[in-house]
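Participant: model this:
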Amino acid sequence: MDVINVPRPSWMTEELVLLQEQVRRFLASELLPDVERWHEQGIMDRAAWTKLGRAGLLCAGIPEEYGGAGGTFAHETVINREFALAGLEQIGAPLHSGIVAPYILRYGTEEQKRRWLPRLATGELVGAIAMTEPGTGSDLQGVKTTARRSGNGYVLNGSKTFITNGQHANLIIVVAKTDPEAGHKGISLMVVETDDAPGFRRGRKLKKLGMDWADTSELFFEDVPLPAENLLGSQEGQGFIQLMNELPQERLIVATSAVAAIERALRLTIDYVKERKAFGKAIIEFQNTQFELAECKTEATVGRVFHDHCVERHLAGALDTVTASMAKYWLTDLQNKIIDRCLQLFGGYGYMDEYPISRMYRDARVQRIYAGTNEIMKVLIARSL
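Facilitator: Here you go, the predicted model:
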């Protein structure tokens, strides 16, 4: 399947090679047959989460004592890469396992970890994180959602938008202000279990340019009562620090998806140009095609090596915000650039919805926006100059 020939990175153990093969077989037999139906109905099945949990593909990096598979971020990376190589990057599992669960693992109390992590690992709970609001995007300090003290607990009010897993999620980490006068020091993370939660309401599943069956949604919190133990951690005002600490991993997850999507686009395109003929010969025989794909493969190889280097640094606890921002910005820009060039080589068929390259073209565009826009990434990088 791989079209890029690079040495196996040092962190890619034999165990991870076996995991890669296991995930590939599982996706091919259990999820890929449903994708066309999900595309038509505009949302994936809730049952897919249960399948993923049963196969041990949720929360692979969470310790076994909390119901996870006891792996590392390397295990998550292998799984996430297979999602994108299979054309399943719309699944919200990388966010569920690599962003939501780690917030609870790293900042939750012991009781919170035992309460929520095992059910996230089985898929009983589907996780989401609600940061973005209608009036605020990358500026997390500008959130308007509040969690005000009320008796022994809190009352949550506000609205969120563009929330991945929004229609299925029943455990949502909500970015809210517990002290609206304290700026970023007044931000806390509140955990909402939505089943039968009074005042919680899901808005519409948002219709998007791409990512058709990803359940991106609006969420509304109207006087939602929360017990004190639903404050993530044991101290108010830690939310902004918690968010900043986890952003490098979130951005690396996006970069992993970008690299795998590039490789998938190249594989599909190389197969197509070898079969498609024009003027009596295969399209691959034209020098323009060869040069285009030679450039794409070269850039993809550079991107893969940089990505693998970033994973290695992250596993060693040394991936800084600047390098993670470089990976997120450059690799998602590259993803859009290469997929555009690949689509061109498909000609008119590349514009047709039934061809995967068409959907990949649409789906790729949001990669430059979420997890912090690429413009914000450049601002962060520039601060290191």
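Participant: where does the stretch 101-250 of the chain have low pLDDT?
Facilitator: Counting by pLDDT under 70, the stretch 101-250 of the chain has low-confidence residues at 137-138.
Participant: mind redoing it with 90?
Facilitator: Applying pLDDT under 90 to the stretch 101-250 of the chain picks out residues 135-142, 183, 196, 234.
Participant: tell me where it has strands.
Facilitator: For the stretch 101-250 of the chain, strands defined by DSSP state E, counting those that start in this stretch occupy the ranges 127-130, 146-150, 153-163, 171-177, 187-193, 200-205, 217-227.
Participant: let me see the contact set for V17.
Facilitator: Residues near V17 by Cβ atoms under 8 Å, 6 or more residues apart in numbering: R8. Glycine gets a C-beta too; all of them are placed from N, C-alpha and C.
Participant: now the strands of the stretch 101-250 of the chain as a markdown table including distance to T332 and mean neighbour count?
Facilitator: Below are the strands of the stretch 101-250 of the chain laid out as a markdown table (distance: least, Cβ to Cβ, whole Å; neighbours: other Cβ atoms under 10 Å):
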| stretch | distance to T332 | mean neighbour count |
| --- | --- | --- |
| strand 127-130 | 19 | 27 |
| strand 146-150 | 33 | 17 |
| strand 153-163 | 16 | 21 |
| strand 171-177 | 23 | 25 |
| strand 187-193 | 26 | 23 |
| strand 200-205 | 24 | 15 |
| strand 217-227 | 23 | 18 |
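Participant: quick one: which of those strands is nearest I43?
Facilitator: Set against I43 and scored by Cβ to Cβ, the strands of the stretch 101-250 of the chain come closest in strand 200-205, at 6.3 Å.
Participant: just checking, what packs against that closest one?
Facilitator: Applying 3 or more Cβ pairs under 8 Å, 6 or more residues apart in numbering; DSSP states H and E, one finds that strand 200-205 makes contact with strand 217-227.
Participant: the biggest helix by length in the chain: what's the following helix or strand?
Facilitator: Ordering each helix of the chain by length in residues (DSSP state H) puts helix 239-275 first. Using DSSP states H and E, the helix or strand that directly follows helix 239-275 along the chain is strand 277-278.
Participant: skip ahead from that next one and say which helix or strand is next.
Facilitator: strand 281-282.
Participant: each with direction, which strands does that following strand pair with?
Facilitator: Applying DSSP bridges, strand 281-282 is found paired with strand 277-278 (antiparallel).
Participant: how about F286, nearest residue that isn't a chain neighbour?
Facilitator: Nearest residue to F286, sequence neighbours excluded (Cβ to Cβ, 6 or more residues apart in numbering): A278, at 7.9 Å.
Participant: how far away is the one you found from T289?
Facilitator: From A278 over to T289 the distance is 10 Å, taken as Cβ to Cβ, to the nearest Å.
Participant: which one of these two is surrounded by more residues?
Facilitator: Counted by other Cβ atoms under 10 Å, A278 and T289 do not tie: T289 has more neighbours, with 20 against 12.
Participant: can you tell me the SS state at the more buried one?
Facilitator: helix (DSSP: H, G, I helix; E, B strand; the rest coil).
Participant: where's it relative to Q249, distance?
Facilitator: Taken as Cβ to Cβ, the spacing of T289 relative to Q249 amounts to 38 Å.
Participant: which residues does E312 contact?
Facilitator: Applying Cβ under 8 Å, 6+ apart, one finds that E312 lies in contact with 9-11.
Participant: ok, of the residues you listed, which come out buried?
Facilitator: 9, 11 (16 or more other Cβ atoms under 10 Å).
Participant: using JSON lines, lay out the contacts of E312 together with distance to Q238, secondary structure and pLDDT.
Facilitator: What follows is these, written out as JSON lines (distance: Cβ to Cβ, whole Å; DSSP: H, G, I helix; E, B strand; the rest coil; pLDDT from 0 to 100):
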{"residue": "P9", "distance to Q238": "34", "secondary structure": "coil", "pLDDT": "96"}
{"residue": "S10", "distance to Q238": "35", "secondary structure": "coil", "pLDDT": "95"}
{"residue": "W11", "distance to Q238": "30", "secondary structure": "coil", "pLDDT": "97"}
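Participant: neighbours around the closest residue to K185 other than its chain neighbours, how many?
Facilitator: Leaving aside its sequence neighbours, K185 sits nearest to G237 (Cβ to Cβ, 6+ apart; 5.1 Å). Using other Cβ under 10 Å, G237 has 16 neighbouring residues.
Participant: having no further points to raise, I will conclude here.
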